[in-house]
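In: Predicted coordinates and the sequence they were generated for:
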Amino acid sequence: MMYDLRIIHGQCYIDHEFIETNIYINSGKIAYIGPENFDALETIDGQSLKVLPGFIDPHTHLHLNIGSTYSSDNFFSGSQLAAYGGITTVLDFLDPIYNNDEFNKVFSRRLNEASESIVDYSFHCTFGNYKDKFKALLPNLNEAGITSVKVFTTYSDSDRRCDDEKIKEILSENILMMAHAEKDELIKPCSLITDYEASRSEKAEYEAIKKLLSSRSKSSKLYIVHISSGHTLMKLNDTPNVYFESCPQYFYLSKDLFLKEDGKKYLLAPPLRSDESISLMKKNFYKLDTIGTDHCPFMLDEKMIKAPVDNIPKGLGSLGYAFQLMYSIFGIEVIPKFTENPAKIFKLDSKGYLRVGMDADIALIEEGKFKIESSYSKCDFNVYDGIEVKCRVKSTIRTGKIIMQDGKVFNHKGRYIRRAYEGNN
Ligand SMILES: [Zn+2]
């Protein structure tokens, strides 16, 4: 038997343990795992490396249209950056829709934009101030293979807030609702950066989450994106069908950065928090189901404009560095949050595990002392540049193709992943 690719002598992450074994790949799938020695057209020596399932970033904003500009990374540069960081699948978003008729158009446009991606990709549907009957959209979502929808509880100023009754209606259907949770009524307009964190307070986040939790029916599935506050996370309990995501920035960057001369470049929503909040994030890390990056960088001159804070583009990038950053704080505890958890929650049935029959999506990790170095992002600054980390990604394999090795990216195109839909059961 001749395989396409083999990874030999690696420490392979299987059933939450590391086992030294060999992985054999054929036609993009994991075909065999075992100590035996078979031939392959290509071999990667995994000696002294950790062999992990390829990472899944459930929250990216590539080529995001914010009206005045686009986020700096498109699907080509963003996916190269993802590959650099061991990420083999990204879940991005459709533009917010306001009625069901808009769905097909935004879906086909985003599919077209994403076709240059070198990692696999899928989309969440996003709602603005949506008024249509949600049930009527379900067949379209089903056909598109979309199993998750996102709402905002805030941003009424840009007409993106989804009202409370509509949120209840969506929560009553058999689909995963992702929510940007900040209570709109508690958010204050903000002009000065010194007021920014308080203008979108930790309380505003917590109150919105509390309300979402109380809006659920028995079968609802709810996913809270980018939890920013340790004081919030501390108060959240493990609840069936409720999932929590946070991002590297809420562990690495504090609100003091807003006070620096170049503080505007750190602006994002929800804001960075206090050191106390960060330490509570770390203490309650075990409560998080996933780590997303919310990758949404803008160029320095787009962030440093002389304008009220409310008019400055919000967002930061970490797509190529998320695993290294989080692994350096928490070690192997982070692995499921980058692999099997997002695969299960978002119904990426062929991903998330090193198992025969699964897509051959694999990240090889070298432990040691390294520094974050900027790589494939088109953004002209990286707030993590120079930070010391405890590992680097040596190789990234996506459906059996080597798409990154020793920092060099190879442009094999990824695929759109149609996710499985259960219907009403
Ligand atoms: Zn986001």
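Out: Sure, I can see it. None of these values were measured; they are calculated from a predicted model.
In: Can you show me the helices along the stretch 101-250 of the chain?
Out: For the stretch 101-250 of the chain, helices defined by DSSP state H, counting those that start in this stretch occupy the ranges 103-114, 138-144, 164-171, 196-199, 202-214, 230-235, 249-252.
In: what packs against the fifth one?
Out: Counting by 3 or more CB pairs under 8 Å, 6 or more residues apart in numbering; DSSP states H and E, the packing neighbours recorded for helix 202-214 are strand 221-224, helix 230-235. Heads up, the C-betas are built off the backbone N, CA and C, glycines and all.
In: what about 7 Å?
Out: The contact analysis (3 or more CB pairs under 7 Å, 6 or more residues apart in numbering; DSSP states H and E) places helix 202-214 against helix 230-235.
In: got the buried residues for the top strand by length along the chain?
Out: Looking across the chain with DSSP state E, the single longest strand is strand 2-14. Neighbour counts over strand 2-14 (16 or more other CB atoms under 10 Å) mark 3-14 as buried.
In: circling back to that earlier point, most packed of the helices of the stretch 101-250 of the chain?
Out: Most buried of these by mean neighbour count (mean count of other CB atoms under 10 Å) is helix 249-252; its value is a mean of 22.
In: Residue 386: neighbour count?
Out: Using other CB atoms under 10 Å, residue 386 is surrounded by 9 other residues.
In: okay, now the nearest residue to it once chain neighbours are set aside: neighbour count?
Out: Spatial nearest neighbour of residue 386, chain neighbours left out: residue 371 (5.6 Å); criterion: CB to CB, 6 or more residues apart in numbering. The number of residues packed near residue 371 is 12, by other CB under 10 Å.
In: now, among the buried residues of strand 2-14, which is nearest to residue 181?
Out: Closest approach to residue 181 among the buried residues of strand 2-14 (CB to CB): residue 13, at 31.7 Å.
In: Not counting its neighbours along the chain, what's nearest the closest one?
Out: residue 52 (4.9 Å).
In: now do residue 32
Out: residue 24 (4.1 Å).
In: One more: residue 65?
Out: Using CB to CB, 6+ apart, the nearest residue to residue 65 is residue 95, at 6.5 Å.
In: With residue 37 instead?
Out: Excluding the flanking residues, the one nearest residue 37 by CB to CB, 6+ apart is residue 22, at 7.2 Å.
In: circling back: now do the SS call for the residue nearest to residue 32.
Out: At residue 24 the chain is in strand, as set by DSSP: H, G, I helix; E, B strand; the rest coil.
In: What's the mean pLDDT across the longest strand of the chain?
Out: What strand 2-14 shows for mean pLDDT is 98.
In: Send over that strand as PDB, restricted to the C-alpha atoms.
Out: Extracted C-alpha coordinates of strand 2-14, given in PDB (Å, rounded to 0.1, in the frame of the first residue of the first chain):
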ATOM      1  CA  MET A   2       1.400   3.400  -1.000                       C
ATOM      2  CA  TYR A   3       0.000   6.400   0.800                       C
ATOM      3  CA  ASP A   4       0.000  10.000  -0.400                       C
ATOM      4  CA  LEU A   5       1.600  11.400   2.800                       C
ATOM      5  CA  ARG A   6       2.700  10.100   6.100                       C
ATOM      6  CA  ILE A   7       3.700  11.800   9.400                       C
ATOM      7  CA  ILE A   8       6.000   9.500  11.300                       C
ATOM      8  CA  HIS A   9       7.200   9.400  15.000                       C
ATOM      9  CA  GLY A  10       5.100  12.300  16.100                       C
ATOM     10  CA  GLN A  11       3.400  12.700  19.500                       C
ATOM     11  CA  CYS A  12      -0.200  12.500  18.200                       C
ATOM     12  CA  TYR A  13      -3.100  14.000  20.100                       C
ATOM     13  CA  ILE A  14      -5.600  11.200  20.200                       C
END
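In: In its sheet, which strands sit next to it, and in what direction?
Out: Applying DSSP bridges, strand 2-14 is found paired with strand 17-26 (antiparallel), strand 39-45 (parallel), strand 50-53 (parallel).
In: Include mean pLDDT when you put those into TSV, please.
Out: Below are the strands paired with strand 2-14 laid out as TSV (pLDDT from 0 to 100):
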stretch	mean pLDDT
strand 17-26	98
strand 39-45	98
strand 50-53	98
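In: from those, which stretch is densest packed?
Out: Most buried of the strands paired with strand 2-14, by mean neighbour count (mean count of other CB under 10 Å): strand 50-53, with a mean of 25.
In: Much appreciated, bye for now.
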